[in-house]
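Trainee: Quick one, what's the 3D model for this:
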Amino acid sequence: MALQEIAAQFARELPSIPGAGEWLARFPQEERTVADSPPPPESPRPVSPRQPLPARAFGLYFAGGAAFPGADDGHLADPHTGIAGSFGFTVRPWPHLAFDLENMFASGTFSAAALTPPGGFFRPEADERLQLTQLIILFQARPVLRLGPVEPYVAAGPALMFQRLTWSGSQFGIPGTIDERNDFTLGLGLALGTDIRLARSFALGVRYRFLLAKNSFGPLSNDTASTTSRYLLASFAWYWPPDSAGQTPRPP
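Mentor: Residues are numbered from 1 along each chain as shown. Predicted coordinates:
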């Protein structure tokens, strides 16, 4: 304590010593303020934990594959595989639920062996079949399970179906239509499938679809036929805005 008092007394008397004042004047004194002081080091900002993958807002998709027409009650016999294609628009307001509006076209054939040709000049040849053409508008709800890039789902909803059953043939090399019947009905669509995201905006998928309906094509289907058409489709989808999967959120 005594040394501190001696040092303080010396500092007070130093400017009064001859020559000491001039020597001290060589060293200008700077007044430091709070503004001149360097800022304290900033502590690192906490980074938010990784958030769940955001829901895609909108999307367009295209699909194509095989159609398997069928009739449960035997009114339409011996179905043969055809082709199917579709395009649709999807809205996904929540991560695990989407709504689709889809337009699908499909065709297939049934046997005409048990039918009696109507009167007229044309008659079918032995290998002639009934041609089924379908134009279907589907609205479906689609719950989605998100497993990283793989997204399995189920779907269900009403189907507005316009179908045409045509019996064509030829006689003596002259082609013709023996009979043609249209049916406009409301059915039920069910689907099971999965999508695999290849990039932030694109996905490939596969789906298996059922369409259940009551149809009446007059004498071509022996009045009312219960049809269960099945479709195996591969799909390509484009979504926007892009999914930010795999990106770390920015700190707040």
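
Trainee: Can you tell me how far residue 147 is from residue 153?
Mentor: Separation of residue 147 from residue 153 (CB to CB, to the nearest Å) stands at 11 Å. In short, each C-beta sits where N, CA and C put it, glycine included.

Trainee: If you count surrounding residues, which of those two has more?
Mentor: residue 153 (19 against 9; other CB atoms under 10 Å).

Trainee: For this structure, which segments are assigned as strands?
Mentor: All strands of the chain, identified by DSSP state E, fall at 58-68, 77-80, 82-94, 97-111, 129-143, 150-171, 174-197, 202-216, 224-240.

Trainee: helices or strands next to the last one in the packing?
Mentor: In other words, strand 224-240. On a contact count with 3 or more CB pairs under 8 Å, 6 or more residues apart in numbering; DSSP states H and E, strand 224-240 meets strand 58-68, strand 82-94, strand 97-111, strand 174-197, strand 202-216.

Trainee: Next: the third one.
Mentor: Here strand 82-94 touches strand 58-68, strand 97-111, strand 129-143, strand 224-240, going by 3+ CB pairs under 8 Å, 6+ apart.

Trainee: what comes up buried for the longest one?
Mentor: The one in question is strand 224-240. Buried residues in strand 224-240, defined by neighbour count with 16 or more other CB atoms under 10 Å: 225, 226, 227, 229, 230, 231, 232, 233, 235, 237, 239.

Trainee: that older thread, next, format the helices and strands packed on strand 224-240 as TSV and append mean neighbour count and mean pLDDT.
Mentor: Shown next, in TSV, are the helices and strands packed on strand 224-240 (neighbours: other CB atoms under 10 Å; pLDDT from 0 to 100):
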stretch	mean neighbour count	mean pLDDT
strand 58-68	17	96
strand 82-94	16	94
strand 97-111	19	94
strand 174-197	16	86
strand 202-216	18	92
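
Trainee: so can I have TSV of the ones you listed showing distance to residue 161?
Mentor: TSV is the format used below for the helices and strands packed on strand 224-240 (distance: least, CB to CB, whole Å):
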stretch	distance to residue 161
strand 58-68	13
strand 82-94	13
strand 97-111	9
strand 174-197	5
strand 202-216	6
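
Trainee: Those strands: which one's closest to residue 130?
Mentor: strand 97-111 (4.4 Å; CB to CB).

Trainee: What angle do strand 129-143 and that closest one make with each other?
Mentor: 170 degrees (axes from the mean of the first three to the mean of the last three CA atoms, to 10 degrees).

Trainee: So for stretch 158-171, mean pLDDT?
Mentor: Taken as a whole, stretch 158-171 has a mean pLDDT of 84.

Trainee: What are the buried residues along it?
Mentor: So for stretch 158-171, counting by 16+ other CB under 10 Å, buried means 159, 161, 163, 165, 166, 167, 168, 169.

Trainee: hang on, the earlier thing: next, format the strands of the chain as JSON lines and append distance to residue 5.
Mentor: Listed next are those as JSON lines, based on distance: least, CB to CB, whole Å:
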{"stretch": "strand 58-68", "distance to residue 5": "82"}
{"stretch": "strand 77-80", "distance to residue 5": "113"}
{"stretch": "strand 82-94", "distance to residue 5": "77"}
{"stretch": "strand 97-111", "distance to residue 5": "82"}
{"stretch": "strand 129-143", "distance to residue 5": "84"}
{"stretch": "strand 150-171", "distance to residue 5": "81"}
{"stretch": "strand 174-197", "distance to residue 5": "79"}
{"stretch": "strand 202-216", "distance to residue 5": "82"}
{"stretch": "strand 224-240", "distance to residue 5": "79"}
